[in-house]
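Enquirer: build me a model from this:
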Amino acid sequence: MLDLTKYFCLGAALKDALEKFCNETCLIEADRDKEKARLTYRDFGAQSMSLARALQDAGFAPGTRASMVMTNQSKWLISAYAIFYSGGVLVPIDWMLTPDEQWELIAHSKAQVLVTEFSLWPRLSKANGRATASDVKLVLVTEAPANGDLAGAQRWEAQLERSCNDNAPPQFVPRQRTDIACIGYSSGTGGRPKGCMLTHENYLEQCSALTSIYPFWPGVHYLSILPTSHAIDFMVGFVGPFTCGATVVHLRTLRPEFFRDAFRRYKITYVSVVPLVLKNLRAVFQSRFDELPKGKRRIFNALVALNKALTKSHPRPTLSRKLLAQVHQSLGGELRTIIVGGAFSEPDTLQFFYDLGIPVANGYGQTEACTAITVNDLKPFRADTVGKPLPGIEVKIAEPDSDGIGEVRVRSKTVMAGYLDDPELTAETIVDGWLHTGDLGRFDSTGHLQLFGRRKNMIVTPQGLNIFPENVEGGFDDLPVEEFCVFAANYIWPQRTMVGEQLVLVLRMKKDQTWDDTLRQQIAARNNKLKNYQRIQGVVLTGDEFPRTTGRRLKRHLLKDRLAQLDRDHAILPL
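Expert: Prediction:
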């Protein structure tokens, strides 16, 4: 791989990678059982240069912010590199958010360019939120049919054709390590946007640290299924593979049969998933194991036990592939590691795969820390922890209690520059150089980090979505009660666990109003209109007026302390 300590910006590192690995395959794009694209690093560079020239001809200046709302595909990465090459700032937006949510983030970032795809553009172009993004001057749409309604946008492909007719190359614009490379928004934020300003140094340092433990090289095939806008896939599905000459495989469909086929067809080496996907994959394997005849099941269990004993201290992939050949062949026979992140993974699921000879690189991170903070280095594998701090990252436990549990705080060159246009929140989050994560943890005797819940009012779903209860309250605005608010139950009653997180609706009812089926049905009707991961799981009643400031702003911490005096099991009423 490249020595990233020698570079000042992502654009320069990627530029040298394209030259060094010019004959290697960098991207494969598959749709169902057909390949749509297969590009070498040289091919990728040629298309990126054409787009960079088109952007610069359109007035794209250094520091210009360009947003991306696209599914995983080759044009995502081509566009991103063209933006970096031109000295721009990338704003990756989750394509699965609603159009109004996407426009809100685009407006907040002050992006002047939007790159999206035709399948998403009709809803985006007609959304009410479009008017809020007044800074957007140029919209490029990929894969638009000849007679498609572009609604003021321009065809992405036409920009490449136009610039190809002019032999003048685009100008490479170098940036400094302290310059902003990306503005990242955590998936599912909503409400008050929190744009993490991530520098070129953040990414270069993060990539160096991760690849020192989980390396890429020419011939490695990484399967990209998480949205590339996600911090994990942006790092290990773009920056990491590209600076090492590896191949990224994009799937345009995630139907199970094509997902499984991709492992065999492309001999996948690494794949990143969220815990929910990992849990579902476990269920598929377990159902197959349960269907084995008793005799074969007995032999299989013995082989799993033998593999478990022989890999206790460290993975032995060659041995595991021989002992459990059918399991490994079903995943292509070359899978080295499943990378999981974005939310907490249950230890027994991690152990299940490790016992089969498929290590899971579980870790812990935040967008604010440019992806990963700790990761399990498999020396040995510890399913009950989130691993050790990456090289160059300091982690401490602040204000530990008698059990050694306190807030996890982080200091390193990977910590963001701050929140975009929010100095107050930045000052609360980064104090004396330390990132206050809001998560509770402790180190065990071997230096592995264990997590025990959160100090902040939020939950993280198994899909890796961050849910802030304050942003769910809008779904209950017209509820006929005196006062209400939403809390994370584990924030009120700490459970020292990262699983089973749930939201509760706290109610103060009107005078003479009672808790009955009518009110329950009114709440349920509003709850069902929310996205499934935003829904509350119970109701808490209180007869006292909510504590508020003179400006009538809710003092959540005081209400939380009051509710904490209640017994959780009796206080939460089911819907």
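Enquirer: remind me which helix or strand residue 570 belongs to.
Expert: Using DSSP states H and E, residue 570 sits within helix 568-571.
Enquirer: for that helix, buried residues please.
Expert: Using 16 or more other CB atoms under 10 Å as the test for burial, helix 568-571 gives 568, 571. Placement of C-beta: from N, CA and C, glycine included.
Enquirer: and what of stretch 154-174?
Expert: Neighbour-count burial for stretch 154-174 flags 154, 155, 156, 157, 159, 160, 163, 170, 173 (criterion: 16+ other CB under 10 Å).
Enquirer: quick one on the thing from earlier: tell me the gap between the helix holding residue 570 and the middle of its chain.
Expert: On the basis of CA atoms, centre = their mean, to the nearest Å, helix 568-571 sits 33 Å off its chain's mean C-alpha point.
Enquirer: same check, this time on stretch 285-297
Expert: 34 Å.
Enquirer: show the end-to-end separation of it, please.
Expert: 13 Å (CA to CA, to the nearest Å).
Enquirer: now do stretch 349-365
Expert: First-to-last residue span, stretch 349-365, CA to CA: 19 Å.
Enquirer: contacts for the helix or strand hosting residue 561?
Expert: Per DSSP H and E: residue 561 is located in helix 556-563. Around helix 556-563, the neighbours that count as contacts under CB atoms under 8 Å, 6 or more residues apart in numbering are 457, 485, 487, 491, 492, 506, 540, 542, 544, 546, 547, 571.
Enquirer: show me these that map onto strands.
Expert: 485, 487, 506, 540 (DSSP state E).
Enquirer: just checking, the third one touches residue 540?
Expert: Right, residue 506. Yes - counting by CB atoms under 8 Å, residue 506 touches residue 540, with 4.7 Å between them.
Enquirer: okay, the two: which has more neighbours?
Expert: Taking other CB atoms under 10 Å, residue 506 and residue 540 do not tie; residue 506 has more neighbours (22 against 19).
Enquirer: quick check: domain ranges of this structure?
Expert: 4-29+40-175, 274-454, 468-574 (automatic domain parsing).
Enquirer: pLDDT of the shortest one, averaged?
Expert: Along domain 468-574, the predicted confidence averages to a pLDDT of 89.
Enquirer: ok, now the longest one?
Expert: Average pLDDT, domain 274-454: 93.
Enquirer: the helix or strand just after the helix holding residue 570: which residues count as buried?
Expert: Of the helices and strands lying after helix 568-571 in sequence (DSSP H and E), the nearest is strand 572-574. Of all the residues in strand 572-574, those buried under the rule 16+ other CB under 10 Å are residue 572.
Enquirer: one step back: run through who's touching the helix holding residue 570.
Expert: Here helix 568-571 makes contact (CB under 8 Å, 6+ apart) with 489, 492, 493, 540, 541, 563.
Enquirer: what about burial for those, which qualify?
Expert: 489, 492, 493, 540, 563.
Enquirer: switch those residues over to a markdown table; also include distance to residue 60.
Expert: Below are the buried ones among the contacts of helix 568-571 laid out as a markdown table (distance: CB to CB, whole Å):
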| residue | distance to residue 60 |
| --- | --- |
| 489 | 47 |
| 492 | 48 |
| 493 | 51 |
| 540 | 52 |
| 563 | 51 |
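Enquirer: any idea how many residues pack against the closest residue to residue 227 other than its chain neighbours?
Expert: The shortest distance from residue 227 to any non-neighbouring residue, by CB to CB, 6 or more residues apart in numbering, is to residue 94 (5.6 Å). By other CB under 10 Å, 19 other residues sit near residue 94.
Enquirer: and residue 94, how far from residue 466?
Expert: 11 Å (CB to CB, to the nearest Å).
Enquirer: same deal with residue 79?
Expert: 26 Å.
Enquirer: those two: which has the busier surroundings?
Expert: Per other CB under 10 Å, whichever of residue 79 and residue 466 has more neighbours is residue 79, with 26 against 20.
Enquirer: so which elements touch the helix or strand where the more buried one lies?
Expert: Assigning secondary structure by DSSP H and E places residue 79 in helix 74-85. With contacts taken as 3 or more CB pairs under 8 Å, 6 or more residues apart in numbering; DSSP states H and E, helix 74-85 sits against helix 10-20, strand 25-31, strand 34-40, helix 41-57, strand 65-69, strand 89-92, strand 113-117.
Enquirer: what residues sit buried inside it?
Expert: Buried positions in helix 74-85, judged by neighbour count with 16+ other CB under 10 Å: 74, 75, 76, 77, 78, 79, 80, 81, 82, 83, 84, 85.
Enquirer: list the residues that contact residue 324.
Expert: Each residue near residue 324 by CB under 8 Å, 6+ apart is listed here: 303, 304, 307, 356, 357.
Enquirer: now tabulate those residues in CSV and tack on neighbour count, secondary structure and distance to residue 125.
Expert: CSV is the format used below for the contacts of residue 324 (neighbours: other CB atoms under 10 Å; DSSP: H, G, I helix; E, B strand; the rest coil; distance: CB to CB, whole Å):
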residue, neighbour count, secondary structure, distance to residue 125
303, 17, helix, 56
304, 19, helix, 53
307, 22, helix, 54
356, 22, coil, 47
357, 25, coil, 49
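Enquirer: how about these in JSON lines, adding distance to residue 452?
Expert: Below are the contacts of residue 324 laid out as JSON lines (distance: CB to CB, whole Å):
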{"residue": "303", "distance to residue 452": "36"}
{"residue": "304", "distance to residue 452": "30"}
{"residue": "307", "distance to residue 452": "31"}
{"residue": "356", "distance to residue 452": "28"}
{"residue": "357", "distance to residue 452": "30"}
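Enquirer: just the buried residues of stretch 154-174: which are in helices?
Expert: 156, 157, 159, 160, 163 (DSSP state H).
Enquirer: ok, how many other residues are close to the closest residue to the fourth one other than its chain neighbours?
Expert: Okay, so that is residue 160. Spatial nearest neighbour of residue 160, excluding adjacent residues (CB to CB, 6+ apart): residue 50 at 4.2 Å. For residue 50, the count of nearby residues is 23 (other CB under 10 Å).
Enquirer: just checking, residue 50 touches residue 157?
Expert: No - counting by CB under 8 Å, residue 157 is not a contact partner of residue 50; they are 9.9 Å apart.
Enquirer: low-scoring stretches of the stretch 101-250 of the chain, by residue?
Expert: Residues of the stretch 101-250 of the chain that meet the criterion pLDDT under 70 lie in 163-167, 187-191.
Enquirer: go again using 80 as the cut-off
Expert: Across the stretch 101-250 of the chain, residues meeting the criterion (pLDDT under 80) sit at 162-167, 186-192.
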